[in-house]
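>>> I'll drop the sequence and a predicted model, then ask my questions.
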Amino acid sequence: MVHPDKASTDRTCSCRINTNYIPLKLLYLFFIGGQSCATTYRSLFMRHLGMSTQQTGVIWAFERVVSVIIPPFIGALSDKSRHPKAVLITLFLVGAVTLSSMYFVPQEESLNLTNSNVSASENVTAATHVDIEEYGQTFWLLVVLVFASSFSVVGIYPVLESTVLGVLGPQNRYKFGHQRLWASVGYGGAALIVGYLKDRSAESIGDMTGTNRAFLSMFAGVMVCYCCAAIVSAKLPVRVKRDHEGFRFQDLKIFLKKPDACAFLGLLFFYGIDSAILEIYLFWLAEVKFETPSFILGASTFIGAALDIPFCLAAGYLTKRFGHKTLLCFGLGVMALRTFLSAIVVNAWQLVATESLRGITWGLMFVVICSYTSKLSPKGLEASCMGIMQAFLFGIAYSVGALAGGAIFNLMGGEFLFILCGSATFVATVAFGMFSFLVKKKPYEMKDPGDCTSSLAFGKEVAESSADVL
């Protein structure tokens, strides 16, 4: 029998914050905050430079095609060098320089199409048409900088995820969602701040022809966040595994032998396409359709990211209660709904309501995706399968969404694009749900005591969640 005073002391001790995890939270905060600065308003920046939707889609797709190769390569480099902190610091500094350099890219010239008999709107349409055919200096400068930044930005993900899981260790892997929720804090906070500063700068500048000053806060935010992330990386309490094997391409065959893995990759394909459509073209559609101020766009992102936090915290319990496949099916269905609703909103403030679904489609969904990938992976090959998942999701699927989305937006319009993608994703949700129902459910095989769905981990999560949020 436990003495009441002793039990009270134990509960008090369980509320202590593990200082070893503070660098993990700060790392996600600064890294994803920098990503928010770099990507949330990038499509608007490209539109400001004179890029068309098709050119924008090509640039985003090019970056994501590179993502297919880079994560395994950078992961193998980190494993071989056995110095993940040095790799992270280098990647953050290179990313800070290359991404911030985009601020100096000049606007595309209209190629002397303007004349006194043509209205301003006709000038923009004509210039855009010529831009699609010419692919001028601005386009190629962006391609070069995006290619250079891809090596660092995309390469950070596998090194970061494996490093965080390494610091947590098998016994504390269920706390992964508690660390990653700080990514949502950084993403939403940066989007709101940059959007507000961008609007204020645009008001003070007036005519933005020939200047990128309205987007200064965007690129300054990237530089600050990435440099802070590099400093935090140097403080990580990393435990290097001397016997750890690097990425092996034959692991792909082992992973893909499982029917569940094939169905999972099919789900990721549609999830990645919708993620690309929402990230690249939602703000573009809002600005064209409603002339939405950047502050409202930033507010919608901030609210959506804030709602990530409770879903990240609840991911362990929900996985235990309902299982991976049920949550994946639910999350993809909500993603289809979010994409569809984005096409039929009638005013800018309704975007805040549609973006509030981001808590489910990202906060919950990505934690479950990482957990399910670990569950499907053969013992000892979790990192390799994680690299496969990220290359497929952020590389292949995202690039298809970026490239095809730009062409469809240009030919058929933004509303048609979002309705089409939402409908296709809904069909994929039904197909995955039917597969999950028809395929015989196998008993869960726990590979280690720290699996996020084990009863031991679940009990610890309930007892210690308050200790690991701050």
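Received the coordinates, thanks. All figures in this text were calculated on a predicted structure; none of them were measured in a lab.
>>> now the helix or strand hosting Thr90, how far from the centre of its chain.
Using DSSP states H and E, the element containing Thr90 is helix 84-100. Centroid displacement of helix 84-100 relative to its chain, using C-alpha atoms, centre = their mean, to the nearest Å, is 18 Å.
>>> same check on stretch 345-359?
For stretch 345-359, the distance to the chain centre is 19 Å (C-alpha atoms, centre = their mean).
>>> go on, stretch 194-201?
Offset of stretch 194-201 from its chain centre (C-alpha atoms, centre = their mean): 22 Å.
>>> any idea of the mean pLDDT for it?
Across stretch 194-201, the average pLDDT comes to 86.
>>> buried residues of that stretch, list them for me.
If you call a residue buried by 16 or more other C-beta atoms under 10 Å, then stretch 194-201 has these buried ones: 194-199, 201. Placement of C-beta: from N, CA and C, glycine included.
>>> got the buried residues for the helix holding Thr90?
Judged by neighbour count using 16+ other C-beta under 10 Å, the buried positions of helix 84-100 are 84-85, 87-89, 91-100.
>>> list the contacts of the closest residue in space to Trp362 that isn't next to it in sequence.
Counting by C-beta to C-beta, 6 or more residues apart in numbering, Trp362 lies nearest to Asp308, which is 6.0 Å off, once chain neighbours are set aside. Contacts for Asp308 (C-beta atoms under 8 Å, 6 or more residues apart in numbering) come out as 181, 183-184, 187-188, 358-359, 362-363.
>>> immediately after the helix or strand where Leu327 lies, which helix or strand?
Using DSSP H and E, Leu327 falls within helix 324-344. Remark: after helix 324-344, the chain's next helix or strand is helix 350-355, criterion DSSP H and E.
>>> what residues of that following helix count as buried?
Within helix 350-355, the residues scored as buried using 16+ other C-beta under 10 Å are 350-352, 354-355.
>>> with only the CA atoms kept, save it in PDB.
These are the backbone C-alpha positions of helix 350-355, laid out as PDB (Å, rounded to 0.1, in the frame of the first residue of the first chain):
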ATOM      1  CA  GLN A 350     -14.500  31.900 -44.100                       C
ATOM      2  CA  LEU A 351     -11.000  30.700 -44.800                       C
ATOM      3  CA  VAL A 352     -10.400  30.900 -41.100                       C
ATOM      4  CA  ALA A 353     -13.100  28.300 -40.600                       C
ATOM      5  CA  THR A 354     -11.800  26.000 -43.300                       C
ATOM      6  CA  GLU A 355      -8.200  26.300 -42.000                       C
END
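>>> quick one: residues in contact with the helix or strand just after it.
Sequence-wise, the next helix or strand downstream of helix 350-355 (DSSP H and E) is helix 358. For helix 358, the external contacting residues (C-beta under 8 Å, 6+ apart) are 301, 304-305, 307-308, 338.
>>> nearest to Arg42, of the residues you listed?
For these, the closest approach to Arg42 (C-beta to C-beta) belongs to Thr301, at 13.0 Å.
>>> once you drop chain neighbours, what's closest to the closest one?
Ala191 (3.8 Å).
>>> so the one you found, which of the three states?
helix (DSSP: H, G, I helix; E, B strand; the rest coil).
>>> that one - how many residues pack around it?
Number of residues near Ala191 (other C-beta atoms under 10 Å) recorded here: 26.
>>> same question for Glu203.
Glu203, neighbours per other C-beta under 10 Å, totals 10.
>>> over to Gly413?
So Gly413, with other C-beta under 10 Å, has 16 neighbours.
>>> repeat that for Val427.
Using other C-beta under 10 Å: Val427 sits among 11 other residues.
>>> measure it to Ile193 for me?
Distance, Val427 to Ile193, using C-beta to C-beta, to the nearest Å: 38 Å.
>>> which of the contacts of Asp308 fall in helices?
181, 183-184, 187-188, 358 (DSSP state H).
>>> let's have those in TSV, adding neighbour count.
Converted to TSV, the ones in helices among the contacts of Asp308 look like this (neighbours: other C-beta atoms under 10 Å):
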residue	neighbour count
Leu181	24
Ala183	27
Ser184	27
Tyr187	29
Gly188	28
Arg358	27
